[in-house]
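A.B. asks: What follows is a predicted structure for the sequence shown.
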Amino acid sequence: MAVVKAQDLVKRFGAVLAVDHVSFEVREGECYGFLGPNGAGKTTTLRMVCCNARPTEGVLRVFGLDVRQHAREVKGQLGVVHQAVTLDDALTVRENLVVYGRYFGLSWAEARRRAEELLAFAELAGRAEDRISRLSGGMQRRLMVARALMANPRLLVLDEPTTGLDPQARHAVWDRLRQLKRAGVTQILTTHYMEEAEQLCDRVAIVDRGRIVAEGPPRALVERYVGREVVELQAAEDGALAGALAQTLASLAEGVEVAKDRLFLHTQDGEELVHRVRALRLPVEAVVLRRATLEDVFLRLTGRRLRE
Amino acid sequence: MMDLSLAGAFRFWQRNLLIFRKVFPYTLPENFLEPVLYLLALGLGLGAYLREIQGLPYVAFVAPGLAASAAMFGATFECTYNAYVQFYYHRSYDAIVTTPLSPEDVAVGEVLWGATRSVLYGTAFLVVVAAFGVVRSPWALALPAVFFTGGLVFSALALAFTAVTPSIDLFPYYFSLWVTPMFMFGGIFFPLDALPGWVQTAAWFTPLYHLVRCTRAFAFGTPLGALADLAWLAVVALALLPVPAVLLRRRLLQ
């Protein structure tokens, strides 16, 4: 049975269609990601899974339960890491964990014991008595993850778990999430970092304007829509590359995408393509060969870059 | 549709108690010290020039009323500024409603907590002013329960306002147009008999007026005279309790 099952899910805010007939399934033990720019409907979809936004139309079942009718039962088995830091600043690190555990009906003794385990897991044991405002951003995020685990959730829901963190802190959070996945905890997350999606997710849904435009394992999506490699051309002058040049190059590559002053050529054999492009002596400033990523998939499918 | 679990509301109340144990020194000035200053300035300073009111020295007349106002301010500050900051700035409520707790649990837990603060501040104030000889009856031991009942009304009203206010800048209106008039014309500083009839009628519709009458009656050992006031507070508390719950659900769940 799917942990989460959505069918033709719709969420409207007045005239705005935030989630537009979305269908997906999250399987037991996998990490499923929603990748897309801000405003694509990722957070709204997650809020519906957390029973904090009511679906306007469609079916949404979590653990086989309808979120509209069984909010309390569903929420009792969820661990949620919010996008914003929502810790209680007046309480210490340990108290934040214990109080949160109490919301799930743990006894004080159980909650304290579980808090000690998770302080170790999050490498915060030495900071247990500190107030929240004395922690770094990375520590706060690790504590958010630890807090979500207090009641041993069947499903961990993470809304942009590493936005705003520096690279080291980000890797520390990723390590924890991979560790949890190995332990069998099903995860569903949103991100606008393709690297995060590639690092963590078994499958991703690429979302744009409230719709899922592609879904699958990250590498498979890249192979299917882009190929193995991308040759990126940077124009010497603004706007000089597009149009005519794209047509010239189209015959050389398997796909061409234009974004402002850049051209992206999709190919299975990058080096060969670089040679042929150089031989044309085009008015370009730089020719870069790199591995194809989910961002290229997004550009290919929506005509826009992910980070704009 | 109401989705309330009393166990959930109680757990939220416990969270507030835990936080309060750390921050209560910062809440003392506005909730406790101010009524004491009123008591000293008016009760002793102004009182020195006044004859007795209703057969009581002025300081004895004014002290129970100020205890009632301490109860009102304790609940009102909790459910306006405190609740607002946690709600909108710390986003604590957003996090809590993704646990098994419902918005109704949070609202009811918050109202119960506000009423608890009424008990704490009202009672602490009474204990201090007992030194002025204003607590003359064992009936005063029932006053914490009276403060709790009144506190439910003040908390439910304040939290309802917090749930609908578009901005923290609107709280001064809540205080200047509602809390301060109650404080001035609730019968704390002078009996309302000398004022026009419509003022007395208006006062009857405010909770502080009834809480002041209750507090004075219990402190002086004449609780029977205030049973109607106690009933007023209890009925209004029960009637108002669902209001912040419904409004908070609307605000927290999209």
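C.D. replies: Happy to help now that I have it. For clarity, every value in this text was computed on a predicted model and none was experimentally measured. Numbers count the residues shown, from 1 in each chain, chains lettered A, B, ... in the order given.
A.B. asks: beta partners of the closest residue to A:G227 other than its chain neighbours?
C.D. replies: Excluding its sequence neighbours, the residue lying closest to A:G227 (C-beta to C-beta, 6 or more residues apart in numbering or on different chains) is A:H266, at 4.6 Å. To be clear about C-beta, it is placed using only N, CA and C from the backbone, and glycine gets the same treatment. Beta-bridge partners of A:H266, counted by DSSP bridges, are A:V230, A:G255.
A.B. asks: Kindly tell me how buried A:H266 is, as a neighbour count.
C.D. replies: Residues lying near A:H266 (other C-beta atoms under 10 Å in any protein chain shown) number 24.
A.B. asks: That one contacts A:V297, doesn't it?
C.D. replies: No: look at A:H266 against A:V297 with C-beta atoms under 8 Å: they stay out of range, at 10.0 Å.
A.B. asks: Can you check which residues contact both of those two?
C.D. replies: Common neighbours of A:H266 and A:V297 are listed as A:V226 (criterion: C-beta atoms under 8 Å, 6 or more residues apart in numbering or on different chains).
A.B. asks: which residue is nearest the middle of chain B?
C.D. replies: B:M72 (2.3 Å; C-alpha atoms, centre = their mean).
A.B. asks: residues touching that residue, list them.
C.D. replies: By C-beta under 8 Å, 6+ apart, the contact list for B:M72 reads B:S118, B:G150, B:G151, B:F154, B:V179, B:M182, B:F183, B:P207, B:L208, B:L211.
A.B. asks: Please tell me how far the second one sits from chain A.
C.D. replies: The reference is to B:G150. 26 Å (C-beta to the nearest C-beta, to the nearest Å).
A.B. asks: That residue touches B:A68, doesn't it?
C.D. replies: Yes: between B:G150 and B:A68 there is a contact at 7.0 Å, judged by C-beta under 8 Å.
A.B. asks: and for those two, which residues touch both?
C.D. replies: In contact with both B:G150 and B:A68: B:L208, B:L211, B:C214, using C-beta under 8 Å, 6+ apart.
A.B. asks: So what's the residue count around the last one?
C.D. replies: Using other C-beta under 10 Å, the number of residues around B:C214 comes to 27.
A.B. asks: any idea which helix or strand carries it?
C.D. replies: helix B:207-219 (DSSP states H and E).
A.B. asks: From the contact counts, what lies against that helix?
C.D. replies: Applying 3 or more C-beta pairs under 8 Å, 6 or more residues apart in numbering or on different chains; DSSP states H and E, one finds that helix B:207-219 contacts helix B:58-77, helix B:143-164, helix B:180-185, helix B:227-240.
A.B. asks: Contact residues of chain A facing chain B?
C.D. replies: A:13, A:44, A:47, A:50-54, A:71-72, A:75-76, A:78, A:80, A:82, A:84-91, A:95, A:99-100, A:102-105, A:157 (C-beta under 8 Å from any C-beta of the partner chain).
A.B. asks: Just the buried residues of the residues you listed.
C.D. replies: Among those, those buried by neighbour count (16 or more other C-beta atoms under 10 Å in any protein chain shown) are A:44, A:47, A:50-53, A:71-72, A:75-76, A:78, A:80, A:82, A:85-91, A:95, A:99-100, A:102-105, A:157.
A.B. asks: Now do the same contact list for residue 88.
C.D. replies: In the absence of a named chain, this looks at chain A. Shown in contact with A:D88 (C-beta under 8 Å, 6+ apart): A:E95, A:N96, A:V99, A:I132, B:R15, B:I19, B:H90, B:S92.
A.B. asks: not what I meant, chain B
C.D. replies: B:I168.
A.B. asks: What residues does chain B have near chain A?
C.D. replies: Counting by C-beta under 8 Å from any C-beta, chain B sits next to chain A at B:3, B:5, B:7-8, B:11-12, B:14-15, B:18-19, B:22-23, B:90-92, B:94-102, B:252-254.
A.B. asks: And the residue of the stretch 101-250 of chain A closest to chain B?
C.D. replies: Distance from chain B to each residue of the stretch 101-250 of chain A (C-beta to the nearest C-beta) is smallest for A:Y103, at 3.8 Å.
A.B. asks: Let me see the contact set for that residue.
C.D. replies: Counting by C-beta under 8 Å, 6+ apart, A:Y103 touches B:G8, B:R11, B:F12, B:I96, B:T99, B:P100, B:L101.
A.B. asks: Hmm, the first one is touching B:D105, no?
C.D. replies: Spelled out, it's B:G8. Yes: applying C-beta under 8 Å as the test, B:G8 and B:D105 come out as touching, 3.3 Å apart.
A.B. asks: Out of the two, name the residue with the larger neighbour count.
C.D. replies: Set side by side, B:G8 and B:D105 show more neighbours around B:D105, with 28 against 23, by other C-beta under 10 Å.
A.B. asks: Helix, strand, or coil at that one?
C.D. replies: Reduced to three states with DSSP: H, G, I helix; E, B strand; the rest coil, the structure at B:D105 is helix.
A.B. asks: show me what contacts it?
C.D. replies: B:D105 is in contact with B:L4, B:S5, B:G8, B:A9, B:R11, B:F12, counting by C-beta under 8 Å, 6+ apart.
A.B. asks: ditto for B:A217
C.D. replies: Neighbouring residues of B:A217 by C-beta under 8 Å, 6+ apart: B:W139, B:P223, B:L224, B:G225, B:A226, B:D229.
A.B. asks: Show me what the biggest helix by length in chain A is packed against.
C.D. replies: Secondary structure of chain A per DSSP state H: the longest helix is helix A:167-182. Contact analysis of helix A:167-182 by 3+ C-beta pairs under 8 Å, 6+ apart lists helix A:137-148, strand A:155-159, strand A:186-191, helix A:194-200 as its packing neighbours.
A.B. asks: would JSON lines of those with mean pLDDT be doable?
C.D. replies: Formatted as JSON lines, those follow (pLDDT from 0 to 100):
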{"stretch": "helix A:137-148", "mean pLDDT": "95"}
{"stretch": "strand A:155-159", "mean pLDDT": "97"}
{"stretch": "strand A:186-191", "mean pLDDT": "96"}
{"stretch": "helix A:194-200", "mean pLDDT": "89"}
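A.B. asks: could I get those as CSV with distance to B:T76?
C.D. replies: Formatted as CSV, those follow (distance: least, C-beta to C-beta, whole Å):
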stretch, distance to B:T76
helix A:137-148, 31
strand A:155-159, 34
strand A:186-191, 39
helix A:194-200, 45
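A.B. asks: Which neighbouring elements make contact with the helix or strand of chain A with the lowest mean pLDDT?
C.D. replies: Across the helices and strands of chain A, mean pLDDT, DSSP states H and E gives its lowest value to helix A:244-250, namely a mean of 73. On a contact count with 3+ C-beta pairs under 8 Å, 6+ apart, helix A:244-250 meets strand A:255-259, strand A:262-267.
A.B. asks: And those: which comes nearest A:L221?
C.D. replies: Taking C-beta to C-beta, strand A:262-267 is the member of the helices and strands packed on helix A:244-250 nearest to A:L221, at 13.0 Å.
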